[in-house]
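1. sequence and predicted structure are below.
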Amino acid sequence: MNYYLSSYEIEKIRKFSKNFYPFETCGIIGCSKINNKYFIVPLFLENKASNKRMNFRIKNEDLINGKNILYENCLKFCGFFHSHPSTFARPTQGDKNFHIGNSLWLIYSVCHNEIKLYQWNGFKFNERIILIS
Ligand SMILES: [Zn+2]
């Protein structure tokens, strides 16, 4: 399985995450599948965590609205996006506690300017290679 992210989306993630520094940004990711290639599109949602420097939280109604926006744009819901303002783009213990199904996790580190994709396999996060389209 190959996962693609366009340079346009990467630039959007960078700008959006920097604008919210030192707070975490978050959202969901939609996928469109074309011949075994998954094209990833993030949809930014409001971070409703009480401590936005350390956490993100997506309210249930925001999640439902976000999923509807994805479907209207012919995208399948396939996971979550969030930023790490001051740490590496690796899942934290908090992220591990929040995993859902076999969802994809896109994490952008503001201070290290790196973006990584992971997939939860029921036990741990496995890194997935992102190809730039
Ligand atoms: Zn995190």
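-> Nice, I can see it.

2. around the ion, pick out the residues from this protein.
-> By Cβ under 5 Å from the ion, the residues of the chain that approach the ion are T92, D95. No exception for glycine: its C-beta is placed from N, CA and C like everyone else's.

3. residue in the chain nearest to the ion?
-> Residue nearest to the ion within the chain (Cβ to the ion): D95, separated by 4.1 Å.

4. what about that residue, neighbour count?
-> D95: 19 surrounding residues under other Cβ atoms under 10 Å.

5. with K67 instead?
-> For K67, the count of nearby residues is 16 (other Cβ under 10 Å).

6. I'd assumed it was in a helix, is it?
-> Yes - assessed by DSSP: H, G, I helix; E, B strand; the rest coil, K67 belongs to a helix.

7. surely it meets F77?
-> Yes - proximity of K67 to F77 meets the contact threshold set by Cβ atoms under 8 Å, at 4.9 Å.

8. quick one: contacts for the residue lying farthest from the centre of the chain?
-> Centroid-distance maximum for the chain: N35 at 22.5 Å, with Cα atoms, centre = their mean. If you count contacts by Cβ atoms under 8 Å, 6 or more residues apart in numbering, N35 has none.
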